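Colleague: Sharing a model prediction with you, sequence too.
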Amino acid sequence: MTAPRVTVEIINQIAHVKLNRADKLNALDMAMFLAISRTIKKLRKNRKIRAVIVSGNGSDFCSGLDVNAIMKSPMSMLRLLFKALPWRANLAQIVSTGWQSIPVPVICAIQGRCWGGGLQIALGADFRFATPDSSLSIMEGKWGLIPDMGGTIALRELMAIDQAKKLAMSAETFNGEQALALNVVTHVTPSPLAEAQAWAEALLKQSPDALAANKKLYNKSWHGSQGWALFRESYYQIRILMGKNLRRKIYNQSHDAAQHKAFVPRKKW
């Protein structure tokens with residue numbers, strides 16, 4: 001029996017998502033693309049989870065596209081790239097951009113190789129924790145291709161355009177420390193999975209409504225008009241003020257841990 005390409009375990013309201021193809025360095029075949037897409041859809045609908053941690057089984061996060069596996073079926077590439085509407089994400093792009101549709105913080109724990117499609121997946125998260133010696137690359141250029149999995153959207157918000165072009169055109173590899181200097185990763189640590197767990201647990205103390213609203217506010221307002229940004233600030237704040245979780249957060253701030261009230265499932269954002 002074939003092992004699932006992605007495993008999901010929810011512990012204490014934190015969803016632990018693991019790319020599960022360690023024997024192939026977690027390379028992306030069609031089954032992996034479909035499994036990630038299904039996982040994102042399920043987590044998006046789960047209003048009880050409070051954070052998501054994405055990691056890879058084995059020594060590597062993801063070494064990129066499994067070209068041989070994809071090319072075995074002529075329809076696979078078409079299936080990856082097809083889109084009914086040009087401005088919507090296709091299957092190849094959903095595995096990166098889809099993490100932003102989940103209204104909770106998504107943290108990627110990167111170790112070993114994080115190349116090509118693997119880096120595109122990680123760029124779709126809200127935070128990236130990496131080991132100092134991890135190996136990252138926009139590797140599509142090595143094969144005469146361009147990055148086409150949605151990571152471009154994240155890169156334009158993370159780094160200077162000349163540096164992004166340099167990485168994409170050269171397909172060079174860079175380590176975790178260099179990635180931090182380029183602002184490609186959020187934090188460098190010898191233990192990214194443990195640090196991601198600690199950060200997720202810290203976020204459990206915050207109102208899930210506030211976390212969801214913050215994620216949506218910044219995603220929609222980082223670019224665009226000042227007027228719409230100001231509108232969203234006011235509108236989202238009113239929604240939070242009308243919810244139970246604000247009152248519970250205020251109560252918890254005024255009492256010790258033994259008297260804390262549990263947050264209710266977040267609003268639908």
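Modeller: The structure has been received and is ready for your questions. Numbers count the residues shown, from 1 in each chain.
Colleague: pLDDT averaged over stretch 9-20, what's the number?
Modeller: If you average the pLDDT over stretch 9-20, you get 98.
Colleague: And the contacts of it?
Modeller: 3-8, 26, 32, 36, 39, 43, 46, 48-57, 61-62, 197, 200-201, 204 (Cβ atoms under 8 Å, 6 or more residues apart in numbering). (Glycine included, C-beta is placed from N, CA and C.)
Colleague: how about a cut-off of 7 Å?
Modeller: Residues from elsewhere that reach stretch 9-20 (Cβ atoms under 7 Å, 6 or more residues apart in numbering): 3-8, 26, 32, 39, 43, 48-57, 62, 200, 204.
Colleague: Pass me the low-pLDDT residue ranges in this structure, would you?
Modeller: Low-confidence segments of the chain (pLDDT under 70): 1.
Colleague: Domains of it: list them as residue ranges, please.
Modeller: The record assigns the chain these domain ranges, following automatic domain parsing: 6-203, 208-259.
Colleague: what would these look like in JSON lines with mean neighbour count?
Modeller: Compiled in JSON lines, these are given as follows (neighbours: other Cβ atoms under 10 Å):
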{"stretch": "domain 6-203", "mean neighbour count": "19"}
{"stretch": "domain 208-259", "mean neighbour count": "14"}
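Colleague: Would you reformat these as a markdown table and include distance to Pro265?
Modeller: What follows is those, written out as a markdown table (distance: least, Cβ to Cβ, whole Å):
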| stretch | distance to Pro265 |
| --- | --- |
| domain 6-203 | 4 |
| domain 208-259 | 7 |
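Colleague: Run through the residues that contact the closest residue in space to Arg128 that isn't next to it in sequence.
Modeller: Using Cβ to Cβ, 6 or more residues apart in numbering and skipping the chain neighbours, the partner closest in space to Arg128 is Val185 (4.3 Å). Val185 is in contact with 110, 128, 130, 176, 179, counting by Cβ under 7 Å, 6+ apart.
Colleague: swap the cut-off to 8 Å and go again
Modeller: 110, 128-130, 136, 176, 179 are the contacts of Val185 under Cβ under 8 Å, 6+ apart.
Colleague: all strands of the stretch 151-269 of the chain, in order?
Modeller: 173-175, 187-188 (DSSP state E, counting those that start in this stretch).
Colleague: any chance of those in CSV, with distance to Val67 too?
Modeller: As requested, those are exported to CSV (distance: least, Cβ to Cβ, whole Å):
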stretch, distance to Val67
strand 173-175, 18
strand 187-188, 30
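Colleague: what's the closest of the ones you listed to His255?
Modeller: strand 187-188 (31.3 Å; Cβ to Cβ).
Colleague: Now find how far off-centre the closest one is within its chain.
Modeller: Counting by Cα atoms, centre = their mean, to the nearest Å, strand 187-188 is centred 15 Å from the centre of its parent chain.
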